[in-house]
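Engineer: just coords:
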């Protein structure tokens, strides 16, 4: 029994297509991570740091380190269990099907769909800087963006991956230009203050960290499409390490470059600090370059989210724990089209639930609840399946996973204290998933009973 379970978990057989290599894996992770956050969140992080530039940069660096620690744990899990669904599968195996279901349920209704919503809103907001749009116009463009990208990714994972590669290269150009120009030509004299005035260091740092972590969201998504990656035992861990390390370096340098160009108070007061910095360095065309770069970047991030998230719902449906329609795969394109459509529909509904900041806090909090549980599953699965082949083992075990869990708990507690509304919404959805789980289990039992009865009747005939 144990051997058959290990064979099932490590099997490379799939009805999906393995068409994504290492570069596509890196592009998908980094392409999702580098989205709206790098252009929007410099101001939010400084606001929450109470205009302490040193503390803001520490929040960006700490966000990368926390993400990398968690990524090392996900690398072990993904290399050992290369199945579609990512964290859903690891949580199912570590804690049982209920916890796996709650992860996917929360992803469907909050974290994953909320990410798509927030990114689509960010894209439409930046577009309105070129073509002025009313609030309704921004919403409609966000909806159109979600629908268009869902259509593209329904046509095949290879096409979606190719689009991601192109967008990844295009988005890096303006980012690199700002980093180099800011470091070379910037003359702003911002003292690297670490201690915020008039407020607690830990609470300020914690909320600034929450803001920066939105920019790192998406790092775990390559695990979700493990069944579509070539040689996942090698390419999945490498993609995580390269992408997270590279993105952390870019974020810290980018925000340091902004501080070299603009006063901290100006960055904190401007929703588009990168455009303001480029305009100061290069003139009007610089602001246009950044706006174009932001559009490409956010569009690419949204595309990556639309591509990967539905694979979790597909995996849940294959286990009988979600709507059976979500397990269907298009006979030609080999994509889970019903899951793609459902993901888009929920993302569109979430467009009307809150502001960009509220959506991002909700997504980060709900996501890190299950990230933390998934990291703990490294310990559980090593005990539960000691003979499971592990092509990659997390460095520094058990210290690195333990440290990752502790930092995650600090993050969650601080977020719950500082922004209870958005955080509690991230807890309500999993709670509602408990009765939903038992409803799906009962529906699955009824389907199996009908199939058994039909088979018995056919045998009698």
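Structural biologist: Arrived safely. Note that the structure is predicted; figures quoted are calculated from it, not measured. Residues are numbered from 1 along each chain as shown.
Engineer: where's residue 156 relative to residue 329, distance?
Structural biologist: The gap separating residue 156 from residue 329 is 11 Å, by C-beta to C-beta, to the nearest Å. For the C-beta atoms, the positions are set from N, CA and C on the backbone; glycine is no exception.
Engineer: any residues in contact with both of those two?
Structural biologist: Counting by C-beta atoms under 8 Å, 6 or more residues apart in numbering, the residues touching both residue 156 and residue 329 are residue 335.
Engineer: what's the burial count for residue 116?
Structural biologist: Residue 116 has 29 neighbours, counted by other C-beta atoms under 10 Å.
Engineer: again, but for the one 10 residues further on
Structural biologist: Counted with other C-beta under 10 Å, residues neighbouring residue 126 total 26.
Engineer: Repeat that for residue 128.
Structural biologist: A count of nearby residues for residue 128, using other C-beta under 10 Å, gives 15.
Engineer: ok, for residue 387, nearest residue in space, not its chain neighbours?
Structural biologist: In space, and not counting its chain neighbours, residue 387 is closest to residue 6: 6.4 Å by C-beta to C-beta, 6 or more residues apart in numbering.
Engineer: ok now do the nearest residue to residue 224 once chain neighbours are set aside, which residues does it touch?
Structural biologist: Distances taken as C-beta to C-beta, 6+ apart place residue 86 nearest to residue 224, at 3.9 Å, with adjacent residues excluded. By C-beta under 8 Å, 6+ apart, the residues touching residue 86 are 74, 78, 220-221, 223-226, 311-312.
Engineer: likewise residue 31?
Structural biologist: Counting by C-beta under 8 Å, 6+ apart, residue 31 touches 164, 167-168, 171, 300-301, 303-304.
Engineer: Look at it and report its pLDDT.
Structural biologist: pLDDT for residue 31: 81.
Engineer: Specify the local secondary structure of it.
Structural biologist: Secondary structure, DSSP: H, G, I helix; E, B strand; the rest coil: residue 31 is helix.
Engineer: start the count at 184, not 1, going forward
Structural biologist: In the new numbering, first residue 184, that becomes residue 214.
Engineer: how much space between it and residue 352?
Structural biologist: Residue 214 is 10 Å from residue 352, where distance means C-beta to C-beta.
Engineer: I'd like to know how far the closest residue to residue 578 other than its chain neighbours sits from residue 191.
Structural biologist: Among residues not flanking residue 578 along the chain, residue 255 sits closest, at 5.9 Å (C-beta to C-beta, 6+ apart). Distance from residue 255 to residue 191, counting by C-beta to C-beta: 25 Å.
Engineer: And the two? Which one has more around it.
Structural biologist: Between residue 255 and residue 191, counted using other C-beta under 10 Å, residue 255 has the larger neighbour count: 24 against 11.
Engineer: Might you report the residue contacts of the more buried one?
Structural biologist: Residues counted as contacts of residue 255 (C-beta under 8 Å, 6+ apart) are 423-424, 577-579, 583, 587.
Engineer: again, 7 Å this time
Structural biologist: Contact partners of residue 255, counting by C-beta atoms under 7 Å, 6 or more residues apart in numbering, are 577-578, 583.
Engineer: Turn these into TSV, columns for distance to residue 460 and secondary structure.
Structural biologist: Output for those, formatted as TSV (distance: C-beta to C-beta, whole Å; DSSP: H, G, I helix; E, B strand; the rest coil):
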residue	distance to residue 460	secondary structure
577	38	coil
578	36	coil
583	36	helix
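Engineer: Quick one: buried ones out of these?
Structural biologist: 577, 583 (16 or more other C-beta atoms under 10 Å).
Engineer: So which of the contacts of residue 255 is the closest to residue 220?
Structural biologist: residue 583 (24.7 Å; C-beta to C-beta).
Engineer: And the strands in this structure, which stretches?
Structural biologist: With DSSP state E as the definition, the chain shows no strands.
Engineer: I'd like to know which elements the longest helix anywhere in it is packed against.
Structural biologist: If you go by DSSP state H, the chain has its longest helix at helix 603-643. Counting contacts by 3 or more C-beta pairs under 7 Å, 6 or more residues apart in numbering; DSSP states H and E, helix 603-643 packs against helix 280-289, helix 539-567.
Engineer: if we can go back for a sec, give the ChimeraX command for selecting the buried subset of the contacts of residue 214.
Structural biologist: To isolate the buried members of the contacts of residue 214 in ChimeraX, using 16+ other C-beta under 10 Å:
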select :347,350,351,354,483,484,486,487
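Engineer: For residue 327, state which of the contacts of residue 214 is nearest.
Structural biologist: Distances from residue 327 to the contacts of residue 214, taken by C-beta to C-beta, are shortest for residue 486, at 13.8 Å.
Engineer: Can you give me the neighbour number for the closest residue to that closest one other than its chain neighbours?
Structural biologist: In space, and not counting its chain neighbours, residue 486 is closest to residue 332: 5.1 Å by C-beta to C-beta, 6+ apart. Using other C-beta under 10 Å, residue 332 has 25 neighbouring residues.
Engineer: Can you give me the pLDDT of residue 332?
Structural biologist: At residue 332, pLDDT is 93.
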